[in-house]
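S.K.: All I have is the shape, not the residue letters:
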Ligand code: FAD
Ligand code: PYC
């Protein structure tokens, strides 16, 4: 990587950055690749990086219909945690959290990981029992998790409202101290730059319009830049998974919904952790710029409109003001949506498919950002070896016919 002095930074600022080295190349597609990854979000880019780094497979292209990270990767609220109930999920999300903990060093790119703690609130007796069960299950898997009573919550986050006289009083919470946030674009850019340095071709503005397979085996993709041959093909397109799988003649147990988020005007540092509430449907953290980053559950209807409904905004802001009356005078400055791919058990699908050489990574619903490196790690293994990694073996497509579901609706924390 080229080093820049203060003088070269100054020179570049007045010559419109003409001499700046590009972070990754923009090559024309080759006629054929060993592996094509469809989707230039975090998961696709991580897969390409680990294919090159861990498996020595560098004749790889990532095809992205828009710009890198322009899908859910750049639209999420950046929360990272591994507090999942079942052993299978705990192992996968914990692997991802551990990869996140070393990612800035591994990619030589500051992903701004901030392990400020994630609190999940309990508001009734059922929540309390459920949270205690989860804390114990998570600890049995060797993952950090603790229960906080109301006074401990107040000490951890003094601006929270612990009055018993509100609609849904706070009765307790789980805390994962290693949870937190990371800069989402930096995760995509870091994987892109590191993958490119190992030979991966990143091709933006290249929409896949057809998947070509003959005699039960993939041979390539039709794209807006023409046909590109491939020995193996990974579909990693989040909210558009059923569309891409449909091009190969596969019907998935996936539904796509809008999920929205929003930010307030920036204020001085006031909230030093992530607070989530399943019951009142609202979560909040504070960005490095000072904005409150807010969200809630998915819309209740299928759609590809990247916006989200007004009633979700209304309900979550009512919940926010109840939890933090102090925020009632803040103004919102921005709102957006992304399309999330939900599966029947709120767990992902990371799997081979009935078509040889075609692999699928989807179904992360509202919670795949935290899984970005782990997902790429196991998916690269699956593609390279044509076998699932032990961490993604339980997440095969076949679980929907065998019945071995991994129900993580509770851990999702953001309803879907
Ligand atoms: P994406 O980033 O969506 O990448 C898929 C890419 O595929 C897109 O760039 C798209 O353009 C491309 N594509 C689609 N079709 C084609 C085609 N035909 N040809 C070529 N390319 C194509 N998760 C968390 O863990 N924590 C959070 O705090 C969190 N907050 C969220 C908040 C919101 C508002 C949303 C929408 C999601 C949130 N998520 C969160 C979920 C998380 O963002 C996703 O699960 C994750 O980013 C999925 O990553 P991905 O790389 O699979 O998808
Ligand atoms: O999975 O932690 C999560 C999450 C937070 C906001 C959206 N998803």
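M.R.: Yes, it's here. From a predicted model like this one, the values you see are computed outputs, not experimental measurements. Ligands and ions are numbered 1, 2, ... in the order given.
S.K.: Tell me the bridge partners for the residue nearest to residue 396 when sequence neighbours are not counted.
M.R.: Closest residue to residue 396 apart from its sequence neighbours, by Cβ to Cβ, 6 or more residues apart in numbering: residue 351 at 4.5 Å. Using the backbone N, CA and C atoms, a C-beta is placed for each residue, glycine as well. On the basis of DSSP bridges, residue 351 is bridged to residue 360.
S.K.: do the same with the one 5 residues further on
M.R.: In this structure, residue 356 bridges to residue 217 when assessed by DSSP bridges.
S.K.: that older thread, neighbours of the residue nearest to residue 396, how many?
M.R.: 21 (other Cβ atoms under 10 Å).
S.K.: Who are the contact partners of the residue in the stretch 251-400 of the chain positioned nearest to ligand 2?
M.R.: Taking Cβ to the nearest ligand atom as the measure, the stretch 251-400 of the chain has residue 367 as its residue closest to ligand 2, at 3.0 Å. Neighbour list for residue 367: 412-414 [criterion: Cβ atoms under 8 Å, 6 or more residues apart in numbering].
S.K.: pLDDT wise, what is it at?
M.R.: Model confidence at residue 367, given as pLDDT, is 97.
S.K.: One more: residue 143?
M.R.: Value for residue 143, per-residue pLDDT: 98.
S.K.: hey, where'd the strands end up in the stretch 301-416 of the chain?
M.R.: Along the stretch 301-416 of the chain, counting by DSSP state E, counting those that start in this stretch, strands occupy 332-342, 349-352, 358-362.
S.K.: can you tell me which of those strands comes nearest to residue 392?
M.R.: strand 349-352 (4.1 Å; Cβ to Cβ).
S.K.: Residue 369 reaches residue 76, doesn't it?
M.R.: Yes: with contact defined as Cβ atoms under 8 Å, residue 369 reaches residue 76; the gap is 4.4 Å.
S.K.: what touches both of the two?
M.R.: Going by Cβ under 8 Å, 6+ apart, residues that sit against residue 369 and also against residue 76 are residue 184.
S.K.: show me where the chain has helices.
M.R.: 6-14, 42-55, 87-101, 103-107, 125-140, 150-156, 184-197, 241-247, 310-323, 372-385, 399-402, 409-412 (DSSP state H).
S.K.: who does the fifth one touch, helix- and strand-wise?
M.R.: When you say that, I think you mean helix 125-140. Counting contacts by 3 or more Cβ pairs under 8 Å, 6 or more residues apart in numbering; DSSP states H and E, helix 125-140 packs against strand 118-122, strand 146-148, strand 172-176, helix 409-412.
S.K.: How about the residues of this protein by ligand 2?
M.R.: Residues of the chain found near ligand 2 (Cβ under 6 Å from any ligand atom) are 77, 79, 81, 283, 295, 366-367, 370, 413-414.
S.K.: picking that back up, relative to residue 94, how far out is the residue of the stretch 251-400 of the chain closest to ligand 2?
M.R.: 14 Å (Cβ to Cβ, to the nearest Å).
S.K.: do residue 259 as well
M.R.: Counting by Cβ to Cβ - residue 259 and residue 94 are separated by 24 Å.
S.K.: which one of these two has more residues nearby?
M.R.: Applying other Cβ under 10 Å to residue 259 and residue 94 shows that residue 259 carries more neighbours, namely 28 against 22.
S.K.: Isn't that one up against residue 340?
M.R.: Yes: using Cβ under 8 Å, residue 259 makes contact with residue 340 at a distance of 4.7 Å.
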